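Novice: What would the 3D arrangement of this be:
(chains A, B and C)
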Amino acid sequence: MEAKVSPQKFIVPIGPQHPALKEPGHFEFTVEGEIITGATVRLGYVHRGIEKSTEDRNWVQNLYLLERICGICSHIHATAYVLGVEALANVTAPPRAQAIRTLVCELERIHSHMLWLGVAAHEGGFDTLFMYSWRDRETVMDLLEGLSGNRVNYSVNVLGGVKIDVDEKQAATIRKGIDFLEGRTQYYMKVVTTDETFLGRTRNVGTMTYDQADALAAVGPTARASGIARDVRADAPYVAYPDFPIKVITERGGDLAARFVVRINELYESYRLVREILDKLPVGELTTRVPRRIPENEAISRVEAPRGELFYYLKSNGTEKPERIKVRTPSICNWATVMNFAIGLKLADMPMILAGIDPCFSCSDRAVIINRKSQSQEWSWEDLRQYGIKYYR
Amino acid sequence: MNISISPLIALLFFPGGIFLLGSGLVYEYIDRKLVAQFQNRVGPRWFQPLADIIKLLAKEEITLAGVNPQLFVALPVVALAAALTAALYVPMFGFQAMFSFRGDLVVTLYLLSMMTLCSGLAGANSVDRFSIIGATRTLTQLFSYEAPFLLALLGPAIVAGTWQISDINTYAMSHTWLILTQPIGFIVAVIGLMGKLELPPFDAPEAETEIVSGALTEYSGRGLALFRIGKDVELVIGLTLVVAFYLGGLGNPLVFLLKTLVLRLVTAGLQSLFARLRIDQTVGMWWRIGALVALVQLLAVIIGLFIGKII
Amino acid sequence: MPIGVMLSDILSSLFKKPATEQYPFVKEPVPERLRGELFWDPAKCTGCQLCVKDCPADALELIVLDKVNKRFVLRYNADKCIYCGQCVMNCRFKCLNMSNEQWELAATSKAPFLVNYGRDEDVQFLLDKAAQEEGPVPCEKP
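Specialist: Residues are numbered from 1 along each chain as shown, chains lettered A, B, ... in the order given. Next up, the predicted model:
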């Protein structure tokens, strides 16, 4: 890595190790003084070969493997997988199981947005908001621990249903926790929208209009902050969302402040949904039988992770192990928005812009080979290994 | 309070030298504990700053390739020396200043600025990109808050009619507290102090999430330890100055302790309240609002004195 | 132009206890569904090995000493286990359960992590057999 130190412009490398990043990724910003004039991104530091490993494990074991792609969106990955497998096997989980899945999905969304609020505040130097929002995040983690037994990687899904049940005592604890969190969220909304020092860092920073967001295929709250009303929970409802419809939250500003407001409004919506599910939980059993050998079939499943649309493609071949599972996570789509709109901003805005799309680097590491030649290539395991060794030399 | 100690002991042990270093560490601990309390968490234990310094002194110092090695090693020493020298003219710990002469206000402020200048130079000396950006920001911030801070400290100097810190101290002890008669100047002085010490919200030169550690990124071991001790000493001296001028002077150690702790509480609270300002916002704020307000205060003081003479 | 909006929170925190749970000195009660260490009751096991087949981490191994008389030893690798609970769900006779008291599982050597569950005579039989044979001890993986 040469250090280009010419007086006019030089390249500031952010990562792979940098206090601004929670996970490794490499960004190069070409700056002139404090103004950014170019940006590139390179990922791949957390590639673990998960998609290849799924072919070696049976359907049940894959559930736990895919849950661990990401720590914050672990349940939604498991839900997408389980919905895909149930579609392959042509079974439907009972309504109580679907409702409990939705409940945990929404609790996870609350957890993820509160975590993001703290991290984005920390990137902006506002450590107090970081500490307070993470203190309140402990409430939702305790709720999830009481429900499932673990604070991260809850493992409530099984093929065909859920493992846990929600009884009256649990429901009362959850309601109390949600009430406390709602009060605190109103306070954070006030801080984020009125504090002048904070607004000075977020207003009109990284603005993206509706057309630009559409052209770059942004997903999730990043797109909704520019006015695109795209939400898989409303467009293609899954699990219990047909019975408990949600309102799609959008903002029109398109800047960083709008992204804060969208996520906090989504928190309110989640609180409302959790209460509604607890009130109207359908009775019934928790699981249904899914065969050990899934017949030959292919299926897709789309769900709304806290960061955007998560897409799974599954293919079975009649045995106990899958043929191919392909995961397309939302964070991959949002990188282009950052790289395009970093130009013209100041270097000091860079960490907040990076944090503004809520990047999950662990989710983003997938191997993509772009085939420009007309003939197809067949890569064996050994070919891939040799390619990797040559690339890094 | 007036005590007579031989100059050598005063320079090396008490109230300068080792005692000053120790008190710098104590004040850093108090700052971190207060900020932690404001953020509803526990904070470090009492020996944490001391443990940090001991650990840093014990580690190997890595000198970069491509820098001027003499400058690299000398700058931390000069910074600490400047900070310790500035303590000689200030009524530390409630005792009379050790060496005071006419005009030592200017000398003290220059010595304190030299510390910031040294860290800026240290950053410019390193070839690392983060250090260069950090050095630029340090020097930019130095240019922006020096003028209002000096103007704010000038107010009491004009009322007392002297540029000698000890005399201003004596004046402040015998008249009503200047915070009541010059409130705007007090506010500018406190905020200027936070800018000088690079406390949040003015910690853009040392922004952890943007440029790792700013100008001091490439320092390790002894150099970093000396810079950190220098910053702590600057903290104590800065607090003493503002208290001596605005909060009614420093007569004895107990009063010193109480008043500096109260001021420390106020600055810790201000530290926790705000998000970090970008460097252009800092400069804009200081040159537009800070300098103007300080000038207004100064004018008010001069006019008040003039009217007082006429009446 | 409001600044310092968090002032009320900060001032009230001056007088509150910190929110940190000072862990080794203060232990908050754990929820009852906590998935801690796995325990096996050999009385009802039929040796179907569904738990072994579906473990995502290959942490379980059933050693069959005598299938007709139902003498099994379950070898459980607590360091491989990911505490997911799939084995508990799979077992039709409720032989497995995850404790919510044994969750502080740190140790200074590898030995406590390899647990042999079974009736005492079965486990003893297994260890004696391994000690007699030439070859790796049950505690070490080849």
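Novice: Give me the buried positions along the helix or strand of chain C with the lowest mean pLDDT.
Specialist: Lowest by mean pLDDT, DSSP states H and E among the helices and strands of chain C is helix C:120-132, with a mean of 78. By neighbour count with 16 or more other Cβ atoms under 10 Å in any protein chain shown, helix C:120-132 contains the buried residues C:122-123, C:125-126. Heads up, the C-betas are built off the backbone N, CA and C, glycines and all.
Novice: Am I right that residue A:314 is in contact with residue A:321?
Specialist: No: applying Cβ atoms under 8 Å as the test, residue A:314 and residue A:321 come out as separate, 11.8 Å apart.
Novice: Pick out whichever of the two has more residues nearby.
Specialist: More crowded of residue A:314 and residue A:321, by other Cβ atoms under 10 Å in any protein chain shown: residue A:314, with 26 against 16.
Novice: Restricting to C-alpha, output the host helix or strand of residue A:362 in PDB.
Specialist: In the assignment (DSSP states H and E), residue A:362 maps to helix A:361-364. Provided in PDB are the C-alpha atoms of helix A:361-364 (Å, rounded to 0.1, in the frame of the first residue of the first chain):
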ATOM      1  CA  PHE A 361     -20.600  -6.600   6.700                       C
ATOM      2  CA  SER A 362     -21.100 -10.200   7.700                       C
ATOM      3  CA  CYS A 363     -24.200 -10.300   5.600                       C
ATOM      4  CA  SER A 364     -22.500  -8.700   2.600                       C
END
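Novice: average pLDDT for the next helix or strand after it?
Specialist: Using DSSP H and E, the helix or strand that follows helix A:361-364 towards the C-terminus is helix A:381-392. If you average the pLDDT over helix A:381-392, you get 73.
Novice: Now the residue nearest to the spatial centre of chain C. Nearest residue, chain neighbours left out?
Specialist: The residue lying closest to the centre of chain C (Cα atoms, centre = their mean) is residue C:37, at 2.5 Å. In this structure, residue C:37 finds its nearest non-sequential neighbour in residue C:102, 4.2 Å apart by Cβ to Cβ, 6 or more residues apart in numbering or on different chains.
Novice: How about residues contacting stretch A:26-34?
Specialist: For stretch A:26-34, contacts defined as Cβ atoms under 8 Å, 6 or more residues apart in numbering or on different chains pick out A:8-16, A:36-43, A:45, A:342, A:346-348, A:350, A:354, B:133, B:136, B:279-280.
Novice: For the buried ones among the residues you listed, write the corresponding ChimeraX selection.
Specialist: The following ChimeraX selection, which keeps only the buried ones among these, applies the criterion 16+ other Cβ under 10 Å:
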select /A:10,11,12,14,15,16,36,39,41,43,45,342,346,347,348,350,354 /B:133,136,279
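Novice: Just to be sure, which of the contacts of stretch A:26-34 are found in strands?
Specialist: Under the assignment DSSP state E, the contacts of stretch A:26-34 contribute A:10-14, A:36-42 to strands.
Novice: filter those by proximity to chain B?
Specialist: Among the ones in strands among the contacts of stretch A:26-34, the residues within reach of chain B (Cβ under 8 Å from any Cβ of the partner chain) are A:10-13.
Novice: want to try CSV for those, with pLDDT as columns?
Specialist: Shown next, in CSV, are these (pLDDT from 0 to 100):
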residue, pLDDT
A:10, 80
A:11, 84
A:12, 84
A:13, 84
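Novice: Output those residues in JSON lines, with distance to residue B:301 appended to each entry.
Specialist: Formatted as JSON lines, those follow (distance: Cβ to Cβ, whole Å):
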{"residue": "A:10", "distance to residue B:301": "47"}
{"residue": "A:11", "distance to residue B:301": "50"}
{"residue": "A:12", "distance to residue B:301": "45"}
{"residue": "A:13", "distance to residue B:301": "50"}
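Novice: Quick check: which ranges of the stretch 1-150 of chain B have low pLDDT?
Specialist: B:1-4 (pLDDT under 70).
Novice: chain center to the least confident helix or strand of chain C, what's the gap?
Specialist: 23 Å (Cα atoms, centre = their mean, to the nearest Å).
Novice: And stretch B:8-18, by the same measure?
Specialist: Counting by Cα atoms, centre = their mean, stretch B:8-18 comes out at 20 Å from the chain centroid.
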